[in-house]
Structure formats: structure tokens, C-alpha cells
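Undergrad: next input, structure requested:
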Amino acid sequence: MTDVTSDRRRDLEAFANAGGQPNQPEHPSERPPSGHALVRPTSGLAERVIGAQPVAVYRDENKVLQKLAALAAAAGSDWFYRFPVKNNQTGQNDWIEGPSIKLANDVARIFGNNVNEVREIDVGDAWIFYARFTDIETGFSMERAYRQRKSQRSMRTKDADRQLDIAYQIGQSKAIRNCIVNSLQIYADYAFEQARDSLVEKIGKDLSAWRERTLQGLAKMPVELTRVERVIGRAAKDWLAPNVAQVIAMMKSIADGMASVDEVFPPLDSSPATAASTEGAREGGGAQEPAATDAATAAQSHSAAQDQAPVAAATDDALATAYKRGIEAKAAGHQRKALPVEYREKDRTREALCWQAGHDGAAMPSFAAKTEG
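TA: Predicted structure coming up:
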């Protein structure tokens, strides 16, 4: 009976590669070093904290909000991103903006008394990241999965291994960010709004310098300025503080690997509006004659009112842009009360009305032309 038990134990050790091999000396000191077990966990989390735990310093939510507001002023664009996604139903771009991984990390740190863990499972063409947030003070816990495709390209490089490493890190960061932001929704939203508003305020204090710095950053990417101007809806020389903040947030999304340059600033020949305009101008043999007639008429009108026409055209463009932004905001799920900050100024009431009309799905308002005293 003893021999049978001994043989079974020896066979099990051989299978697990954790002890001696068959026909090896029985005494441990005479056996060669053993290897790792064949069956062992390859992924997983540390022992899970379940239920509320006693802590040394309990959380003060008012102080948490105060610290977030103070840091938001310094963080600025580091705390949020913005990039467009084409809506296949409307054919227009919907804007996606939200908190960055840096914001999520800082919010979790300031919130305190929490544990964040992540594990991944390789499923062949992608990784599935499982991130878990646990508030040890209240016992609340949330786990979220994020699928990261290995084929994602965030930068131009011929090094496939480096690109794979970047894709892995992006997926891991997104999983952690999504879990923290959804677990601490109120705090993350507050930090995001504070960071965005503080950036606009900071830019407004030295608009020309920020505009120039942003243009230099775009040139280093590089990306054609006309592509950026088309997305923003106005020429670079006319960018206001909110416009510069938007561009900075878009550049941040590219730098963080959230989107590519072509996704954020589509090439000129890929614009549906540009394509439709080009086709309309070239469609049919007589399509160019009305265009020539319109050009001649426009030239005559310009000579008759040389000072007023540019102002009227700029105004019309601004109203059309506001109306379009209202449509895009509605498609992106933003509420009507989320009127852009720049349209809340007293001298931009018409643009605000156009934005609201676009959001409501109503026709674009028409206004009587202003006349000089």
C-alpha cells in the first residue's frame, strides 16, 4: 500500500514538473532543481477586496472637488480629448470628447481609498482588457471589459513590434480610464468641465500667443492648415479662444493615439461637401455657365458695396457654422442646454439661435440685415 501511494505521488510530481522525476533519487537533496508547474495561472487579479474596509483617513468630498478644480486650471488640455467620428446615418461628423487617462488617474488619486487593477486576455487578433475599480471605503466595485484590436495604427512607423506595443498600451490605458470614469462619473465630469473651461479662459488672456503656438504644433504634426480650418469652420486668423481650445484637444487626441490625423482632420478631397460641390460644378456641359454668371454678378455686387460684402459673408458663414454645430451636437446626444460657451456672449445671440435651431431640427433662422446709422 505504501509503494502504491509513493508511486502515485511521484507520478503526479512528474506530471506537474514540480518535483522529482521517475527513477530519480528519493531524497530531495539528491534531486536536480525542479522546474515551474505546467499548470499555473497566466492572468488574473490580486485577492479581491470585498466590502467596506476601515481606513486611516476618510474621504472629504468637498475637498476632493476643490482639489480637482485647482488642478484642472493647471492640467488644461491634458485632461480631455476631442475628435470626430462620421455618422453613417446623417453623413456628418459627430464630435466625441471626454476625459483622458491622465484625468482618470488624477481623479482616482485625489478621490483616494481605492484600488485599480487590470488584466488582459489574448484572443488572437485582439486583447480583452478587464479593469476593476474598488472603493475600499464604501465597498463599491466595478469591472469593465475593453477590446483592443492589435491592428490599430496610431503612428507612422515600419516597426511592427513597436506598433504592437503601442496598441497594447493604448488598450490598457483606455480600459483603466473607462473603468475609473464610469465608477467616479460625477467627479470625472466635473474635472472634465473645469479643465475645458479653464483652458478657454487661459487662452483668452493671451489669444494671439496661443493661436501662434497652436499653428506651430499643427505644422510639426504635420497637417495642412486648410484641413484644420475646414473642421473648425473659420480661418485660423479668426480663431477665438474656444476654437483654439478645440484644436488643442484634437491634437491631444492624436498624440494619445485616440485617433489618426486623417480621422481628426480629413483630407480635403474626402469631404462630402467638397465632393458634392465639385460634382455640381462639373456636372453637365452648361453647369459652368451659371457659375460664371454668378461670379460676374458677385463681382458687380462687391464693387457696389465693397466694405459691406465681406462683413455680410463672414456673418453668414458664422451663422451657418453655428447651425451645423447644433445639428452635430444633437446627433452626438448633447442636451439643448449645452450651448457652446462662445455663443452665450451678448454679441453672438444670432449664432446661439442658429445653434438651437439646428439642435431642434428646425429651419435655419433668417435675420434682417443690419444697417449703419
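Undergrad: which residues of the stretch 251-373 of the chain fall in strands?
TA: Assigned by DSSP state E, counting those that start in this stretch, the stretch 251-373 of the chain shows no strands.
Undergrad: which regions of it lie under the pLDDT threshold?
TA: Applying pLDDT under 70 to the stretch 251-373 of the chain flags the ranges 256, 258, 269-315, 368-373.
Undergrad: which elements pack onto the helix or strand containing residue 248?
TA: Using DSSP states H and E, residue 248 falls within helix 241-255. Judged by 3 or more CB pairs under 8 Å, 6 or more residues apart in numbering; DSSP states H and E, helix 241-255 is in contact with strand 80-86, helix 185-205, helix 207-220, helix 225-232, helix 261-264. To be clear about C-beta, it is placed using only N, CA and C from the backbone, and glycine gets the same treatment.
Undergrad: export those to CSV and tack on mean neighbour count?
TA: What follows is those, written out as CSV (neighbours: other CB atoms under 10 Å):
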stretch, mean neighbour count
strand 80-86, 20
helix 185-205, 18
helix 207-220, 14
helix 225-232, 17
helix 261-264, 18
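Undergrad: among those, which is nearest residue 118?
TA: In terms of CB to CB, the element of the helices and strands packed on helix 241-255 nearest to residue 118 is helix 185-205, at 17.5 Å.
Undergrad: quick revisit: quick one: which of the helices and strands packed on helix 241-255 is nearest residue 166?
TA: Closest approach to residue 166 among the helices and strands packed on helix 241-255 (CB to CB): helix 261-264, 15.4 Å.
Undergrad: okay, now the domains of this protein?
TA: Per the record, the chain has its domains at 9-40, 61-197, by automatic domain parsing.
Undergrad: can you lay out those domains as a markdown table showing distance to residue 340?
TA: Listed next are those as a markdown table, based on distance: least, CB to CB, whole Å:
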| stretch | distance to residue 340 |
| --- | --- |
| domain 9-40 | 55 |
| domain 61-197 | 11 |
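Undergrad: out of these, name the one with the poorest average pLDDT.
TA: The minimum mean pLDDT among the domains of the chain belongs to domain 9-40 (a mean of 51).
Undergrad: to residue 152, which of the helices and strands packed on helix 241-255 lies closest?
TA: Using CB to CB, the helices and strands packed on helix 241-255 put helix 261-264 closest to residue 152, at 11.6 Å.
Undergrad: so what secondary structure elements neighbour the closest one?
TA: By 3+ CB pairs under 8 Å, 6+ apart, helix 261-264 packs against strand 80-86, helix 241-255.
Undergrad: if we go to 6 Å?
TA: Helix 261-264 is packed against helix 241-255, with contacts defined by 3 or more CB pairs under 6 Å, 6 or more residues apart in numbering; DSSP states H and E.
Undergrad: helix 207-220 and the helix it packs on, what's the angle between them?
TA: Inter-element angle recorded for helix 241-255 and helix 207-220: 30 degrees (by axes from the mean of the first three to the mean of the last three CA atoms, to 10 degrees).
Undergrad: buried residues in helix 241-255, which are they?
TA: Within helix 241-255, the residues scored as buried using 16 or more other CB atoms under 10 Å are 241-254.
Undergrad: could you pull up phi and psi at residue 115?
TA: phi -130, psi 130 (degrees, to the nearest 10).
Undergrad: sec struct for the closest residue to it other than its chain neighbours, please.
TA: Among residues not flanking residue 115 along the chain, residue 134 sits closest, at 4.5 Å (CB to CB, 6 or more residues apart in numbering). State at residue 134, reduced to three classes by DSSP: H, G, I helix; E, B strand; the rest coil: strand.
Undergrad: any chance of the helices and strands packed on helix 241-255 in JSON lines, plus distance to residue 365?
TA: JSON lines is the format used below for these (distance: least, CB to CB, whole Å):
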{"stretch": "strand 80-86", "distance to residue 365": "26"}
{"stretch": "helix 185-205", "distance to residue 365": "26"}
{"stretch": "helix 207-220", "distance to residue 365": "29"}
{"stretch": "helix 225-232", "distance to residue 365": "22"}
{"stretch": "helix 261-264", "distance to residue 365": "30"}
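Undergrad: wait, which of those is closest to residue 145?
TA: Of all these, it is helix 185-205 that lies closest to residue 145, at 18.0 Å by CB to CB.
Undergrad: contacts for the closest one, please.
TA: 68-69, 72-73, 75-77, 79-80, 99, 103, 107, 181, 210, 241-242, 244-245 (CB atoms under 6 Å, 6 or more residues apart in numbering).
Undergrad: cool, stretch 66-81 as well?
TA: Counting by CB under 6 Å, 6+ apart, 99-100, 102-103, 110, 191-192, 194-196, 198-199, 248-249, 252-253, 258 sit against stretch 66-81.
Undergrad: buried sites along that stretch?
TA: Neighbour-count burial for stretch 66-81 flags 67-69, 71-72, 75-81 (criterion: 16+ other CB under 10 Å).
Undergrad: shouldn't residue 118 be in contact with residue 128?
TA: No: between residue 118 and residue 128 there is no contact under CB atoms under 6 Å: 11.0 Å.
Undergrad: of those two, which one has the most company?
TA: Taking other CB atoms under 10 Å, residue 118 and residue 128 do not tie; residue 118 has more neighbours (18 against 15).
Undergrad: part of a strand, is that one?
TA: Yes: counting by three-state DSSP, residue 118 is part of a strand.
Undergrad: residue contacts, the residue nearest to it when sequence neighbours are not counted?
TA: In this structure, residue 118 finds its nearest non-sequential neighbour in residue 131, 4.5 Å apart by CB to CB, 6+ apart. Counting by CB under 6 Å, 6+ apart, residue 131 makes contact with 118, 144, 175-176, 179.
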